[in-house]
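Visitor: compute the structure for the input listed below.
(2 chains)
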Amino acid sequence: MADHTEVDSVSGTPTTGHAWDGIKELNTPLPRWWVITFYITIVWAIGYWIVYPAWPTISSNTQGLFGYSSRADVGVELANLEKIRGAKMAALATASLADIEKDPAMLALARAKGKTVFGDNCAACHGTGAAGAKGFPNLNDDDWLWGGSLEQIQQTLLYGVRSGHPKTREGQMLAFGKDGVLKPAEIVTVANYVRELAGLPTRPGYDAKAGAKVFAENCVACHGDNAKGNPELGAPNLTDKIWLYGSDEATLIETITNGRAGVMPAWEGRLDPTTIKAMAVYVHSLGGGK
Amino acid sequence: MNQTVRPDDLKPQDLQPVDDYGPLYAAHKKVYPQSVSGTFRRIKWGLMGFCLGVYYFLPFVRWNRGLGAPDQAVLIDFSNHRFYFFFIELWPQEVYYFTGLLIIAAIGLFLMNAIGGRIWCGYLCPQTVWTDLFYAVERLIEGDRRERMKKDASGDPMKLERISELVLKHSIWLMIAWWTGGAWVLYFSDAPTLVKDLITFQGPMLAYVWIAILTATTYTLAGFMREQVCVYMCPWPRIQAALTDEWALNVTYRYDRGESRMSVKKAAELRALGQPAGDCIDCKQCVAVCPTGIDIRDGAQMDCIQCGLCIDACDTVMTKIGRPTRLIGYDNDINIHRRQEGKPPIYKLVRPRTIVYAAIIAVVGGAMVYKLATRSLLEVNVLHDRNPIAIKLSDGSIRNAYTVRVLNKHGFDRVIAIDIEGPANSTVHVVGADSVTPDRPMIVIGRDQTEELRLLVTAPEENNPAKSIPVKFHVTDIGLGVVASATDNFVSP
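Guide: A predicted model of the protein is given here:
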């Protein structure tokens, strides 16, 4: 504040000494009620510090008189929410998967629930939109290693794949190269044979006959005579356009040499059965379900 | 706002140095507005009656919307996300109507300001309307200005007569305040039912809480804060000071005619001698009636709410002493200077500013009316899945997924068929469709409902060379034959 304040002759009010473009600021006193209100807010703030958690200490913070915590508040609200949703969720729990998908209200509920739970638990591997990635199946398409019906999806969710759960889905691609079953030349040949099955270009001059022989001796057990795969074993269809790990020759050689065994955790015990039901319906409705 | 300094009354702006910075706060000087009658007072009574009448009784106006719909003319139905205003029913996604209303309200305020200064403050602002009503009650019970001043200054507050007076005044104030809060909650629920529930203590807790809050604020703001709200709390005086221009009509003391102030007798003597004399006799009636306790003769000032009561007061005096009225009136400084120079006053109510404001109001209002008139009772919105944006299926065909939201604003269930116009030979699948005639998924949409559907559009591999093909979604009401459409794109990876 300036050293010299003055009195404005028109209003009789002292100035603050501040001037902008020749306009001087009057030091008009605040109304009494305003000042009192200001003091009350200060007292209120002190009361607030005492009643609610406020000040940080070295490792924690003051707890306040009532031990209020917003985390406890959230807990209460979540419990209330569960109560409100109880009736609808109970309907989900008893209905069959097919019935849920046929009833618009239950379908909407299952999809909403499924979407949230998917974001929390599945998106880390499958992506937020379930688009998958290399080694992580896209759940929007129609290619299913373990089957894409509602029941098959539910089973995969419950017990996982190679998850260690007693009922888990088992089966794996063997490491034909590493284990010495096939020689490198045979691997190149069969990789090209598989590419031919899928309608992809092959290496010039490769021996199709030899490829068919290697395939018949080593691969048909899981992938079938016609290479259409087997959902019982999680063996992929090798004739379609969808490849979990990629379809180029180098990738195929790597797959045949080292084998593949992706893992999906079992969700039984981590998510309740109704939630898993909702999840199955949600994943099925993404568009890839069979 | 700057104080207007009369040109013939200019003092040298010599500022005197002082030692202290003045008091920390100023004690409240109570204002005792005197009763007044005249044109502006009548306008104010009329507007007060109209505004309060609308506010207090509107929730009880009925409007037949048919079975299952509320029959209250104006209703904000929060639990069902609907807003009803007579024949208009708005859904949450039509909230832009409120944006339009807010624009019109803001520009309306600007237009009022450009034409007549703070006429909003003086005549229509709820603070003014309720304060005026509270003053009327006070005047009725405690008497006019002089009596009230005397009672406050010297009256023994413990006298039975005084106590009963005060109890009566505050009771009536509280009743008005309580009704004000009560009327508010009626806009959010069926009014007659809610009134019955409230009386029998069956009403929702939230209603009681809001009534209590609004009773308290009305009682405090209109009974005690009064002009303090306008002077210290309200931002509008500051904003309007920056919005106004020299042509806006403001309550103005015509100092060219009023000064210098003198007694009636002296003025008559001077006039008899053919000399100029001021019309203002310094009776201070304009000050006595002022609800914010200012002297309008000091010129335009922030504390003035421009209610025009000083005009009525001055006119009464001018009539009595046989001088022309409107020594205080709606005018501007330009005209005062013109009169001083002997020129006739000019009024420019139509000028670029007012034309632009009026045009904005007309355009926004017109757009709202057009949108209302062409409002469809069947609507469809489409949202393309972003993640993944396109999916390759095992046979090489491409699929895009869409979230389609169908709105049925009719009061009955409707059967909807969904068709698309998109890539050649494409097929459409609706997750959870009720029935599917060949390639035509159908679904039932409940009355007054929104249904969100997941739509999968699949196109064979050979038919999607382009990166992006437009897709039209047609939603057809089978019963009425009404079609609503939306457009999006089909994308290939």
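Visitor: mind checking what secondary structure the residue lying closest to B:K169 once chain neighbours are set aside has?
Guide: Nearest residue to B:K169 in three dimensions, chain neighbours excluded: B:I141, at 4.7 Å (CB to CB, 6 or more residues apart in numbering or on different chains). For every residue, glycine as well, the C-beta is placed using N, CA and C. Here B:I141 is recorded as helix under DSSP: H, G, I helix; E, B strand; the rest coil.
Visitor: any idea how many residues pack against B:I141?
Guide: Using other CB atoms under 10 Å in any protein chain shown, B:I141 has 18 neighbouring residues.
Visitor: next one: the one 3 residues further on
Guide: Applying the criterion other CB under 10 Å, we find 15 residues in the vicinity of B:D144.
Visitor: for chain A, what is the nearest residue in the stretch 151-300 of chain B?
Guide: Using CB to the nearest CB, the single residue of the stretch 151-300 of chain B nearest to chain A is B:Y232, 5.8 Å away.
Visitor: re the thing from before, quick check: the residue nearest to B:K169 touching B:W173?
Guide: No. Here B:I141 does not reach B:W173: they are 9.9 Å apart, not a contact under CB atoms under 8 Å.
Visitor: kindly report the residues of the stretch 301-450 of chain B close to chain A.
Guide: Counting by CB under 8 Å from any CB of the partner chain, the stretch 301-450 of chain B comes close to chain A at B:385-388, B:391-396, B:399, B:401, B:429, B:431-432, B:434, B:443.
Visitor: so which of those residues are in strands?
Guide: When those are checked against strands (DSSP state E), the matches are B:391-392, B:399, B:401, B:429, B:443.
Visitor: of those, closest to chain A?
Guide: B:I391 (4.6 Å).
Visitor: which strand residues bridge the closest one?
Guide: When assigned by DSSP bridges, B:I391 has beta-bridge partners B:R399.
Visitor: run a quick neighbour tally on it.
Guide: Residues lying near B:I391 (other CB under 10 Å) number 26.
Visitor: go on, A:G22?
Guide: With other CB under 10 Å as criterion, A:G22 counts 6.
Visitor: list the contacts for the residue in chain A positioned nearest to chain B?
Guide: Proximity of chain A to chain B (CB to the nearest CB) peaks at A:G129, 3.0 Å away. For A:G129, the contact set (CB atoms under 8 Å, 6 or more residues apart in numbering or on different chains) comprises A:140, B:385-388.
Visitor: rewinding a little: next one: the residue nearest to B:K169 from B:F224, what distance?
Guide: Separation of B:I141 from B:F224 (CB to CB, to the nearest Å) stands at 16 Å.
Visitor: low pLDDT regions in the stretch 1-150 of chain A?
Guide: Along the stretch 1-150 of chain A, the parts satisfying pLDDT under 70 run over A:1-5.
Visitor: how about the helices in it?
Guide: A:32-51, A:70-94, A:97-102, A:104-121, A:123-126, A:150-159 (DSSP state H, counting those that start in this stretch).
Visitor: look at the residue nearest to B:K169 and report its pLDDT.
Guide: Here the pLDDT value assigned to B:I141 is 95.
Visitor: ok, B:Y232 next?
Guide: Predicted confidence (pLDDT) for B:Y232: 89.
Visitor: with the one 4 residues further on instead?
Guide: Here, the pLDDT recorded for B:W236 equals 92.
Visitor: check whether it really touches B:L124, as I assumed.
Guide: No. Counting by CB under 8 Å, B:W236 does not reach B:L124; the two are 11.8 Å apart.
Visitor: name the residues of the longest strand anywhere in chain A that are buried.
Guide: Using DSSP E to define each element, chain A has its longest strand at strand A:15-20. For strand A:15-20, a neighbour-count test (16 or more other CB atoms under 10 Å in any protein chain shown) marks A:15-16 as buried.
Visitor: likewise stretch B:476-491?
Guide: B:476-477, B:484, B:486, B:488-491.
Visitor: show residues contacting it.
Guide: B:376-384, B:389-390, B:398, B:400, B:402, B:404, B:406, B:414-419, B:422-423, B:426, B:442, B:457, B:459, B:464, B:467-475.
Visitor: average pLDDT for it, rounded please.
Guide: Mean per-residue pLDDT for stretch B:476-491: 90.
Visitor: between the two ends of it, how far is it?
Guide: Distance between the two ends of stretch B:476-491: 25 Å, counting by CA to CA, to the nearest Å.
Visitor: the closest residue to B:R238 other than its chain neighbours: which element?
Guide: Counting by CB to CB, 6+ apart, B:R238 lies nearest to B:M302, which is 7.5 Å off, once chain neighbours are set aside. For B:M302, there is no host helix or strand (DSSP states H and E).
Visitor: how many neighbours does B:M302 have?
Guide: Neighbours of B:M302 using other CB under 10 Å come to 17.
Visitor: what score does it have for pLDDT?
Guide: 88.
Visitor: hmm, back to that, now check the longest strand of chain A, is it near chain B?
Guide: Yes. Using CB under 8 Å from any CB, we find that strand A:15-20 touches chain B at A:15-16.
Visitor: quick one: strands adjacent to that strand?
Guide: Paired strands of strand A:15-20, with direction, are strand A:23-26 (antiparallel) (DSSP bridges).
Visitor: B:Y32 versus the residue nearest to B:R238, what's the distance?
Guide: Going from B:M302 to B:Y32 by CB to CB gives 21 Å.
Visitor: what does B:I443 give?
Guide: Per CB to CB, B:I443 is found 70 Å from B:Y32.
Visitor: again, but for B:I305
Guide: 17 Å.
Visitor: who has more neighbours, those two?
Guide: B:I305 (29 against 20).
Visitor: and the most centrally placed residue in chain A, what does it touch?
Guide: Closest to where the C-alpha atoms of chain A average out (CA atoms, centre = their mean) is A:A123, at 2.0 Å. Shown in contact with A:A123 (CB under 8 Å, 6+ apart): A:A130.
Visitor: next up, the contacts around the residue lying closest to A:V161 once chain neighbours are set aside.
Guide: Using CB to CB, 6+ apart and skipping residues adjacent in sequence, the residue nearest A:V161 is A:M264, 3.9 Å away. Taking CB under 8 Å, 6+ apart, we find A:M264 in contact with A:156, A:160-163.
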